[in-house]
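Chemist: here's my sequence, what's the structure:
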Amino acid sequence: MVVREWCVLNGTHIKILKNDKERCRIVCKDSKCPFIALCIKVAYSHSFKLKTWYGDHTCARVLENRSADANFVTKYALDKMRTSEMKVSDIMTDLRTHQLIGASFYIAWMAKKKAMELIEGDARKQYTLLWRYATELQRVSKGNRCKINVERLSLSVQPRFSRFYFCFDGCKKAFLSSCRPFIGVDGCHLKTQYGGILLVAVGRNANDQYFPLAFRVVETETTDSWRWFLTLLVEDIGTNTRWVFISDQQKVRCFIDLVTSFN
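Modeler: Reported below is the predicted structural model:
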């Protein structure tokens, strides 16, 4: 609500006396303060207008304003979190420094959670769209390869996401035609509520720059998950060329088993 945000930024407490579909009356919590605002609905419209407005507060400014709820803090922190990573303590400090507003740790934490959902999207909804995403990729190009594995503990339990592999046809053809035969593989943790590991394979082009080749999302970084990823990767790029894989010591066993299976 615009009036609530205006009062929060000016450091004043407000109280809503009446709030329905037709009108909204707001006064200051300090009974001695003459502030009052009356909003009414415009006829045959979904908008409201200010009918009465006396915005001069005579009360003292407050720091801990209860009107500065999680929704208000989310709007304030959303733009900054799009460009940089902010901790909960950073949000609290920034509000106190620049807006003179005090927010509790819980309010700042809830605001950060809502802002991350708006920026990155709901992880649960994104997982439900994986089948559509894979189908759309294969519709656009038959050479795109997508493979989704699911787990089902029993017939009464819904299938659960396990692994997802995808390799774009354009990246594969460009890598085979113009990149060096060096492939670097590594993994990183996914910072979502469901966790998981993102495995990636990259090459080096003629300008000595990284070239994306294939990706895979797995539950954990194990020998079995790496073997599955590398097996699909080698099937995509072929075994006609002597490939050089660059990785750490933990994945050497996977490479040895993979080379043995293909030989």
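Chemist: show me where pLDDT drops low in the chain?
Modeler: Within the chain, the stretches with pLDDT under 70 are 1, 122, 249-263.
Chemist: middle-most residue in it, spatially?
Modeler: E120 (2.0 Å; C-alpha atoms, centre = their mean).
Chemist: ok, and the closest non-adjacent residue to that residue?
Modeler: Nearest non-adjacent residue to E120, counting by C-beta to C-beta, 6 or more residues apart in numbering: T192, 7.8 Å away. The C-beta positions use only the backbone N, C-alpha and C, and glycine is treated the same way.
Chemist: what's the helix or strand encompassing I183 packed up against?
Modeler: Taking DSSP states H and E as the criterion, I183 maps to strand 182-189. Packed against strand 182-189, as judged by 3 or more C-beta pairs under 8 Å, 6 or more residues apart in numbering; DSSP states H and E, are the following elements: strand 197-204, helix 223-237, strand 244-246.
Chemist: can you give me the helices in the stretch 51-200 of the chain?
Modeler: Using DSSP state H, counting those that start in this stretch, the helices of the stretch 51-200 of the chain run over 70-83, 88-94, 105-120, 123-128, 130-140, 169-178.
Chemist: check contacts around I197.
Modeler: G187, C188, H189, L190, V217, V218, E219, T220, E221, S225 (C-beta atoms under 8 Å, 6 or more residues apart in numbering).
Chemist: okay, and the beta partners of the second one?
Modeler: Taking DSSP bridges, one obtains L198 as the residues bridged to C188.
Chemist: and K18, helix, strand or coil?
Modeler: What DSSP: H, G, I helix; E, B strand; the rest coil gives for K18 is strand.
Chemist: partners of it in the sheet?
Modeler: Beta-bridge pairing for K18 (DSSP bridges): R25.
Chemist: go on, Y54?
Modeler: I36.
Chemist: can you list contacts of stretch 206-213?
Modeler: 167, 171-172, 174-175, 178-180, 183-184, 200-205, 233, 237.
Chemist: drop anything exposed from those residues.
Modeler: Neighbour-count burial (16 or more other C-beta atoms under 10 Å) is assigned, among the contacts of stretch 206-213, to 167, 171-172, 174-175, 179, 183-184, 200-204, 233, 237.
Chemist: closest one of those to Y76?
Modeler: Using C-beta to C-beta, the shortest approach to Y76 within those belongs to V200, at 34.8 Å.
Chemist: wouldn't the closest one be in contact with A214 here?
Modeler: Yes - the pair V200 / A214 is scored as a contact, 7.4 Å apart, by C-beta atoms under 8 Å.
Chemist: out of the buried ones among the contacts of stretch 206-213, what pair is the most spread apart?
Modeler: Among the buried ones among the contacts of stretch 206-213, C167 and R204 lie farthest apart (C-beta to C-beta), at 17.3 Å.
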